[in-house]
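> Build the 3D model from these lines:
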Amino acid sequence: MTKKLSLTERAYRQLRDDLLTCRLVPGAKINIKDITETQGFSLGAVREALSRLTSEGFVTQDDARGFRVTPISIGDLTDLVRVRSEIEGQCLRRAIEKGGLDWEAAIVSAAHRLSKTPTRDPREAARLNEDYADAHAAFHHALVAACDSPWLLKMRDWLYAQSERYRYLTVPLAHGDRDLVHEHAQIVDAALARDADRAVALLTDHLMATAQLLIDPQNARGGTDAEWAAGVDRAL
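You can find the predicted model right below:
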């Protein structure tokens with residue numbers, strides 16, 4: 001039983017990583033046989049992992065017992081960013097109110113690490129650097145870590161994970177005219193100054209600027225969600 005659970009957990013983590021990094025393309029059918037053959041997981045472990053990912057919203061299940069990567073859409077992205085901004089903003093407000101010296105130190109440390117980590121994969125410039133993704137997640141977690149509401153933090157974590165798929169898609173569309181280090185530093189300065197209104201406003205602007213890379217019609221043309229998704233796919 002221990003071995004089975006271990007295989008299922010490994011399959012879950014690998015598939016989740018493939019979904020978040022868009023190696024499993026949004027909207028694509030998931031070939032379970034290919035996964036078992038290439039990854040070495042059992043059929044049962046893969047199915048259990050996919051069922052778990054379905055409950056988390058990363059995968060959908062069709063009537064024929066097959067699985068498909070949850071598609072992307074401009075409507076979903078817009079709603080996701082709006083809700084994430086609201087929830088993460090609440091978490092940040094409470095963290096600023098409750099956080100002490102350790103919280104401040106953790107934010108400064110996470111921001112420094114993030115600023116020193118290259119954004120793009122050194123082996124493939126069109127992809128996000130995995131080390132940067134880890135540092136970015138640690139930074140946003142550090143900002144809200146002092147929030148005293150476990151439920152708000154759980155919702156924030158889930159919304160952050162959902163946002164990651166879209167953020168990975170923005171990497172080939174970013175043209176270098178955005179100063180992410182400065183954006184992060186401004187949020188840190190406002191948080192350390194205990195200026196909650198400014199910190200939340202800067203955070204919201206930061207999240208919207210990332211989403212705008214995909215929403216911008218110059219990057220992905222088309223009026224319908226299907227046309228928009230096709231435009232993003234062509235841009236990649």
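> Please make it C-alpha for all contacts and neighbour counts, starting now.
Fine.
> ok, longest helix in this protein?
helix 74-98 (DSSP state H).
> Quick check: buried residues in the next helix or strand after it?
Downstream of helix 74-98, the next assigned helix or strand under DSSP states H and E is helix 101-115. By neighbour count on 16 or more other Cα atoms under 10 Å, the buried set for helix 101-115 is W103, E104, A106, I107, V108, A110, A111, H112, L114, S115.
> so what strands line up beside the helix or strand that helix 101-115 is followed by?
Downstream of helix 101-115, the next assigned helix or strand under DSSP H and E is strand 120-121. Within its sheet, and counting by DSSP bridges, strand 120-121 is paired with strand 124-128 (antiparallel).
> circling back: quick one: distance of the longest helix of the chain to the chain centre.
Here the centre of helix 74-98 is set off from its chain's centre by 13 Å, with Cα atoms, centre = their mean, to the nearest Å.
> And for stretch 56-73?
Using Cα atoms, centre = their mean, the offset of stretch 56-73 from its chain centre is 18 Å.
> buried residues in that stretch?
Here stretch 56-73 shows F58, V59, T60, Q61, F67, R68, V69, T70, P71, I72, S73 as buried, counting by 16+ other Cα under 10 Å.
> any idea how far the most centrally placed residue in the chain is from R10?
Central residue of the chain (Cα atoms, centre = their mean): E164, 1.7 Å from the mean position. Computed as Cα to Cα, to the nearest Å, the E164 to R10 distance reads 20 Å.
> ok, which stretches of the protein are strands?
With DSSP state E as the criterion, the chain has strands at 29-30, 59-61, 67-69, 120-121, 124-128.
> Need the mean per-residue confidence for the first one.
Over the span of strand 29-30, the pLDDT mean works out to 90.
> which ones are touching A185?
Residues near A185 by Cα atoms under 8 Å, 6 or more residues apart in numbering: A111.
> Please tell me how far it sits from A135.
14 Å.
> what does T70 give?
Noted for T70: a distance of 26 Å to A135, by Cα to Cα.
> count of neighbours near M155?
15 (other Cα atoms under 10 Å).
> and what of R93?
Neighbours of R93 under the rule other Cα under 10 Å: 23.
> T8 now?
Under the criterion other Cα under 10 Å, the count of neighbours that T8 has is 23.
> Quick check: chain neighbours aside, which residue is closest to it?
Residue nearest to T8 in three dimensions, not counting chain neighbours: A45, with 4.3 Å by Cα to Cα, 6 or more residues apart in numbering.
> Surely that neighbour and Q14 touch.
No: the pair A45 / Q14 is not scored as a contact, 11.5 Å apart, by Cα atoms under 8 Å.
> So which of the buried residues of helix 101-115 is the closest to N31?
L114 (35.5 Å; Cα to Cα).
> Does the closest one touch H136 like I think?
Yes: L114 is within contact range of H136, at 6.1 Å (criterion: Cα under 8 Å).
> For the protein, just list every one of the helices.
Ranges of helices in the chain, per DSSP H, are 2-20, 32-39, 43-55, 74-98, 101-115, 130-144, 150-170, 180-192, 196-215, 225-235.
> which stretch among these comes nearest E124?
Minimum separation from E124 across the helices of the chain (Cα to Cα) falls at helix 130-144, 11.3 Å.
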